[in-house]
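>>> need a 3D model of the sequence below.
(chains A, B, C and D)
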Protein chains: 4
Amino acid sequence: MTSRLEGRRVLVTHADRYIGPPIVDLFKKEGAEIVADETDYANADAVRDVVERSGRIDVLVANFAGPHRLMPVTNMLTDVTGFRDEDFQSYLDELVWPLLWFVRATLPQMIERGAGKIVGCTSATPMRAIPGLNIYSAARGAQNAFVQTVGAEVAAKGVQFNALGPAHIENNMYYTDEMLSNEDVREQFVSQIPASRLGVGADAAALALALATEASDFLAGQVIPISGGWTT
Amino acid sequence: MTSRLEGRRVLVTHADRYIGPPIVDLFKKEGAEIVADETDYANADAVRDVVERSGRIDVLVANFAGPHRLMPVTNMLTDVTGFRDEDFQSYLDELVWPLLWFVRATLPQMIERGAGKIVGCTSATPMRAIPGLNIYSAARGAQNAFVQTVGAEVAAKGVQFNALGPAHIENNMYYTDEMLSNEDVREQFVSQIPASRLGVGADAAALALALATEASDFLAGQVIPISGGWTT
Amino acid sequence: MTSRLEGRRVLVTHADRYIGPPIVDLFKKEGAEIVADETDYANADAVRDVVERSGRIDVLVANFAGPHRLMPVTNMLTDVTGFRDEDFQSYLDELVWPLLWFVRATLPQMIERGAGKIVGCTSATPMRAIPGLNIYSAARGAQNAFVQTVGAEVAAKGVQFNALGPAHIENNMYYTDEMLSNEDVREQFVSQIPASRLGVGADAAALALALATEASDFLAGQVIPISGGWTT
Amino acid sequence: MTSRLEGRRVLVTHADRYIGPPIVDLFKKEGAEIVADETDYANADAVRDVVERSGRIDVLVANFAGPHRLMPVTNMLTDVTGFRDEDFQSYLDELVWPLLWFVRATLPQMIERGAGKIVGCTSATPMRAIPGLNIYSAARGAQNAFVQTVGAEVAAKGVQFNALGPAHIENNMYYTDEMLSNEDVREQFVSQIPASRLGVGADAAALALALATEASDFLAGQVIPISGGWTT
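From the prediction side, this is the model:
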């Protein structure tokens, strides 16, 4: 065990979803004091409450995934003419708005201290199209553009805001055990990945740790795809 | 006068805003039959009505800008901690939802004919950060990711869906005459543009025409920045 | 027939290779006066001679492909540890140096007139990896970076230097008739292309025409991939 | 002191130039056994000798900069029509060929062990144009495309080949103390960097360490710009 996050307080959002669980595991091992939030983010007030209850936040892991009721991510062509408005609204509600609210609520204390790290867990899908994922990709594209612009805005204030953009990484929301237990589905994914394997949570957590520590000291507003070379 | 759009029916949305007016001018000169729509796009039904009233649509120019009540686009740092939820909602309502609705409503007839062009007029801001434009850029990022994914989805059906991403181009919504009458503001913009000038509507319309004709026959889901080299 | 290049003198390099033949065909139809050069570009002096003999050059189509003796482009994994130095040197000699020399020799007259278009025909491979093409991609990457930087440098002087980056387009150098007569090879390519077809020369020529005319008036240093959505 | 590279043998090329010195410092602190090579790389044989003398190489830091005799990097417009062939040849000789040779010479042992990390230190200039740097950028563009393609090729063999692309980072080759002692020059750079400061060697070394360890386990062929947000 090293202690790369010794003395750092880390708020992880949607801590029970997506890249949340492996990040909580790894960051704990590295000595962080973790606030692993698993509540719903229904509106700006709810988010502000979470941030206020969290006290000092040295690192915000802005990890969002959802909603639970939607079908898992697949790369099979769906009827593009048929997306439902409520599905896109769900993506906005679960992915985009919470990111905006958490960043807005957390930045003031970081700017005041002149120090802070925000690590988004967004997606690589806006960097390479996956047929069928049009509204999901739109929501992730909003996230990535927000990271980029706000990251540039706050860089001069000692806050580094960057993100990892996972694709083809096993997690409990999109690339679920259930989906991947089908060998054909798994093989179809793997055949598209230069690394010849699906990623695991620990891969993404290790990159998140880099973005939460010195490796991001001169990065600003960057979304780094992590996909075994699929976006390369 | 050439006649590169002879016999083509073109629906231009927000025809009185942003890149709409120069596109209507140029496309008319090129022989197109134009439906220049200037209504509001409050919901999916309103959009479907516009599309149905338009009849055959060979080319959809998915041009969205707004809302009118927001401040014009600037590249001056604003207080990132202070964006208002209603402003981002306005961008979603005026930029993102209408794009989704128009594409969804128009694609079926294009797919049925096995032919069609959709030309988005989005923005280059998601390709390079402009401090102060965080929620605007997020909305444009959603558009660009949607173009990319749907463009890839429908390419096999004979429909080419691509976009131009303007930045630093004079128009009646963001880089307005009023704003640019201030010589300091104008000079500040120009100093950042390799071409040493602001773009004009005709520049963007010429690229839109390319995307509406043969030049896009083997493009799919691409957002081409047009910014005088600012994004280069 | 329209006449979009009426009165324009166009120098096309490697006019008998790659995108050269379809560009010569289309640009002639559009009224251009074409200098279709098919000589070798062994050194800077040879290139300077070609440019001087060409007289006024309104449009330079900087199209380079080769060398003839190398194996055709494939996307099959080759032994990366085995590329031969002479092969990379050949790519430098046939792709990179001629681009630099032609641009250097042609720019002065364009800058003096305050007007000119340079249209590179490079490649999309530096935008998405194709296993096996490492040294080819390196040479194309040098071209693309050169387009970008010089395009930004000369934009203020009234010269627009941009490029198309073909991939998966039939031509007489890489995606040859001979290679594509093998149905399995063809199908392997097509399966990766969202447009579900290989591109043809006319597709690329149409984009080149756009870059040689008004559509590029506010572009600078951009390499536009043309690949049926493969890079999207 | 942590020990993130305990037991790892690391070959650093051009160890006395560019990002070499801070990487040697940091990697030593992390417990690596360093081979800090400072010889010239005149041809493939010379490079093969360096690699053979180095024994087992767990991590190759492929850091190249030069040549010494060229003027330092500036962002001032130079006469594009005037680059000299020998200058581009120097960039090929010092930046591009050595990268190809070192990667070719080192990969076999990594592939045989099914494990290895290659960390390139290239440049962000091919991602955003700096007027005046056209041939430098071309050489760096060749490097970046090579990283991308080879990184994708070898990912399935347990080797992660990625790179950092520095810009606006103080070092002994391009952003030298001498150049930056001029306050106007320094200020001109800083004004373009969202982070409002130049980077230091330790910033780049920290990212290199991430790419040499677990953070890159599911990355392949990626060039990560590090520029304080300048490329964002």
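>>> for the nearest residue to residue A:156 once chain neighbours are set aside, give me phi and psi.
Nearest non-adjacent residue to residue A:156, counting by C-beta to C-beta, 6 or more residues apart in numbering or on different chains: residue D:196, 3.8 Å away. C-beta here means a position set from N, CA and C on the backbone, and glycine is covered the same way. Backbone torsions for residue D:196, taken as degrees, to the nearest 10, come to phi 60, psi 30.
>>> and residue D:196, how many neighbours?
Neighbour count of residue D:196, defined by other C-beta atoms under 10 Å in any protein chain shown: 13.
>>> which residues touch it?
By C-beta atoms under 8 Å, 6 or more residues apart in numbering or on different chains, the contact set of residue D:196 is A:155, A:156, D:190, D:228.
>>> ok, and the most crowded of those residues?
residue D:228 (29 neighbours).
>>> residue D:168 is in contact with that one, correct?
Yes - Residue D:228 lies in contact with residue D:168 (C-beta atoms under 8 Å); the separation is 6.0 Å.
>>> rewinding a little: most widely separated two among the contacts of residue D:196?
Maximum pairwise distance in the contacts of residue D:196, criterion C-beta to C-beta, is 11.9 Å, between A:155 and D:190.
>>> before we move on, back to that, just the ones in helices from the contacts of residue D:196, please.
Among the contacts of residue D:196, the members falling in helices (DSSP state H) are residue D:190.
>>> ok, so of the contacts of residue D:196, who is nearest residue C:39?
Among the contacts of residue D:196, and counting by C-beta to C-beta, the member closest to residue C:39 is residue D:228, at 46.7 Å.
>>> what's the closest residue to the closest one other than its chain neighbours sitting at in phi/psi?
Spatial nearest neighbour of residue D:228, excluding adjacent residues (C-beta to C-beta, 6+ apart): residue D:195 at 3.3 Å. Backbone torsions for residue D:195, taken as degrees, to the nearest 10, come to phi -70, psi -10.
>>> tell me who's in contact with residue D:195.
By C-beta under 8 Å, 6+ apart, the neighbours of residue D:195 are A:155, A:156, A:218, A:220, D:228, D:229.
>>> quick one: low-confidence residue ranges for chain A.
A:1, A:69-82 (pLDDT under 70).
>>> and it, which residues reach chain C?
A:128, A:129, A:131, A:194, A:229, A:232 (C-beta under 8 Å from any C-beta of the partner chain).
>>> hey, what's the spatially most central residue of chain A bridged with?
Taking C-alpha atoms, centre = their mean as the criterion, residue A:121 is the residue nearest the geometric centre of chain A, at 1.4 Å. Taking DSSP bridges as the rule, residue A:121 bridges to residue A:63, residue A:164.
>>> residue numbers of chain A in contact with chain D?
A:2-4, A:148, A:151-153, A:155-156, A:169, A:194-196, A:199-200, A:202-204, A:206-207, A:209-210, A:213-222, A:224-229, A:232.
>>> in strands, which of those fall?
Here DSSP state E is the test, and the residues of chain A next to chain D give A:224, A:225, A:226 as lying in strands.
>>> who wins on neighbours among the residues you listed?
Going by other C-beta under 10 Å, residue A:226 tops those with 30 neighbours.
>>> residue A:59 reaches residue A:13, doesn't it?
No - counting by C-beta under 8 Å, residue A:59 stays clear of residue A:13, with 11.6 Å between them.
>>> for these two, indicate the residue with more neighbours.
residue A:13 (28 against 25).
>>> now do the end-to-end distance for stretch A:91-99.
Using C-alpha to C-alpha, to the nearest Å, the end-to-end distance of stretch A:91-99 comes to 12 Å.
>>> quick one: that stretch to chain centroid distance?
11 Å (C-alpha atoms, centre = their mean, to the nearest Å).
>>> which residues are in contact with it?
A:13-14, A:41, A:47, A:62, A:64-67, A:120, A:135-136, A:138-140, A:142-143, A:146, B:85, B:92, B:138, B:142.
>>> and if we set it to 6 Å?
Outside stretch A:91-99, the residues within contact range by C-beta atoms under 6 Å, 6 or more residues apart in numbering or on different chains are A:41, A:62, A:64, A:66, A:67, A:135, A:139, A:142, A:143.
>>> circling back to that earlier point, in ChimeraX, how would I select just the buried ones from the residues of chain A next to chain D?
The buried residues among the residues of chain A next to chain D can be selected in ChimeraX (16 or more other C-beta atoms under 10 Å in any protein chain shown) with this line:
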select /A:4,148,151,152,153,155,156,169,194,195,199,203,204,206,207,209,210,213,214,215,216,217,218,219,220,221,222,224,225,226,227,228,229,232
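>>> near chain B, which residues of chain A show up?
Contact residues, chain A versus chain B (C-beta under 6 Å from any C-beta of the partner chain): A:80-81, A:104, A:107-108, A:126, A:129, A:131, A:133-134, A:137-138, A:141-142, A:144-146, A:148-150, A:152-153, A:221.
>>> those residues in helices, which ones?
A:104, A:107-108, A:134, A:137-138, A:141-142, A:144-146, A:148-150, A:152-153.
>>> just the buried members of the residues you listed?
Buried among these by 16+ other C-beta under 10 Å: A:104, A:107, A:134, A:137-138, A:141-142, A:144-146, A:148-150, A:152-153.
>>> now for those residues: which two are most distant?
Farthest pair in those, by C-beta to C-beta: A:107 and A:134, 30.8 Å.
>>> chain A: helices as residue ranges?
Assigned by DSSP H, chain A shows helices spanning A:20-29, A:44-54, A:85-91, A:97-113, A:134-154, A:177-180, A:183-190, A:201-212.
>>> packed most tightly, which of the ones you listed would that be?
Ranked by mean neighbour count, the helices of chain A are led by helix A:134-154 with a mean of 29 (mean count of other C-beta atoms under 10 Å in any protein chain shown).
>>> for it, packing partners?
helix A:85-91, strand A:159-166, helix B:134-154 (3 or more C-beta pairs under 6 Å, 6 or more residues apart in numbering or on different chains; DSSP states H and E).
>>> chain center to the first one: distance?
In this view, helix A:85-91 has its centroid 19 Å away from the chain centroid, taken as C-alpha atoms, centre = their mean.
>>> list residues touching both of residue D:228 and residue D:168?
D:193, D:199.
>>> now for the contacts of residue D:195: which two are most distant?
A:156 and A:218 (12.4 Å).
>>> hmm, residue A:168 and residue A:193 touching each other?
Yes - contact criterion C-beta atoms under 6 Å: residue A:193 and residue A:168 qualify, at 5.4 Å.
>>> the more surrounded of those two?
residue A:168 (25 against 21).
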